[in-house]
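Enquirer: sequence plus predicted model, see below.
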Amino acid sequence: MNLSLILAHPNPASFNHAIATTAATELRRLGHTVVLHDLYAERFDPILPAAEFAQDAKLPALIAAHCAEIAAADGIIIVHPNWWGQPPAILKGWIDRVLRAGQAYNFIEGDNGEGVPVGLLKAKAAVVFNTANTPKEREDAVFGDPLELLWKKCVFDLCGVTRVHRETFRVVIASTPAVREEWLGRVRKIVADEFPA
C-alpha cells in the first residue's frame, strides 16, 4: 500500500516524532511505501491565499504535489498534539490547502457547495495519533472531545475515508520512558492492524 503520514509538531525530540518514526518504520517493515511529511521541518506554508480558492486554481508545485499524493494514498496517518482542542495551525493550514474541493471531495452536480459533499479520496482507512497533557476524565467532563468530531466527521468522512482509528496518548508530560515504550508498542499494533501486510 501507498501510505501518507503527516506529522505536525515543532520539536524533533517530541513524542509525536517518536510516534511518527515508529509508525513509518513498522509500516515499511510490513512492506508498505510510506511518505512521511514533517510539516514543520518542511516549513509548510499554512496560509491559504485567495488565489487558491477556486476549484480550478493554478496551485503552487508543492501544494499540487501534496494534493496528488493524498489523492493516491491507500491510507493516511496523522500525528499531532492536542492544542486547545485543535491541531496545530500548520496542520489546519495543510487541511485547508490540500484537502481541496475537486480533489478530496466534491458536491453533486448542480450543487454550489451548500449541500452534502461526496468524498473523493481513495483511502478507505486513516489513523490519527494525538498526544495530550489533559487527563481523559477532565477532557471528557470539561471539553468533550472536539478532535474526535473533527477528524472522523468533519475531515475524513467528508472526504470519503470510511474507517478512522484515533488514539490519544496522555498525560505525556508526566509519562515515564517505560510508559512511552508501551505506547510505541501500541502504535506498532494499531498501524499493523489497520494496514496489514
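Expert: Yep, that arrived. Since the structure is predicted, the reported quantities are computational estimates derived from the model, not experimental observations.

Enquirer: so how far is stretch 68-76 from its chain's centroid?
Expert: Offset of stretch 68-76 from its chain centre (C-alpha atoms, centre = their mean, to the nearest Å): 12 Å.

Enquirer: repeat that for stretch 95-110.
Expert: Put simply, stretch 95-110 sits 17 Å off its chain's centre (C-alpha atoms, centre = their mean).

Enquirer: neighbouring contacts of it?
Expert: Residues from elsewhere that reach stretch 95-110 (C-beta atoms under 8 Å, 6 or more residues apart in numbering): 46, 48, 52, 55-56, 63, 66-67, 70-71, 87, 113, 115-121, 155, 158-160. Every C-beta, even on glycine, is put in place using the N, C-alpha and C of the backbone.

Enquirer: what about the residue lying closest to residue 40 once chain neighbours are set aside, how many neighbours?
Expert: What sits nearest to residue 40 in space, not counting adjacent residues and going by C-beta to C-beta, 6 or more residues apart in numbering, is residue 10, at 4.7 Å. When neighbours are defined as other C-beta atoms under 10 Å, residue 10 has 14 of them.

Enquirer: can you verify my assumption that residue 10 contacts residue 38?
Expert: No: counting by C-beta atoms under 8 Å, no contact exists between residue 10 and residue 38, whose distance comes to 9.7 Å.

Enquirer: going on from the helix or strand bottoming out on mean pLDDT in the chain, what's the next piece of helix or strand?
Expert: Every helix and strand of the chain was ranked by mean pLDDT, DSSP states H and E. The lowest is helix 136-138, at a mean of 77. Sequence order places helix 146-149 as the next helix or strand after helix 136-138, per DSSP states H and E.

Enquirer: so what touches that following helix?
Expert: Contacts for helix 146-149 (C-beta under 8 Å, 6+ apart): 82, 85, 86, 87, 128, 130, 166, 168.
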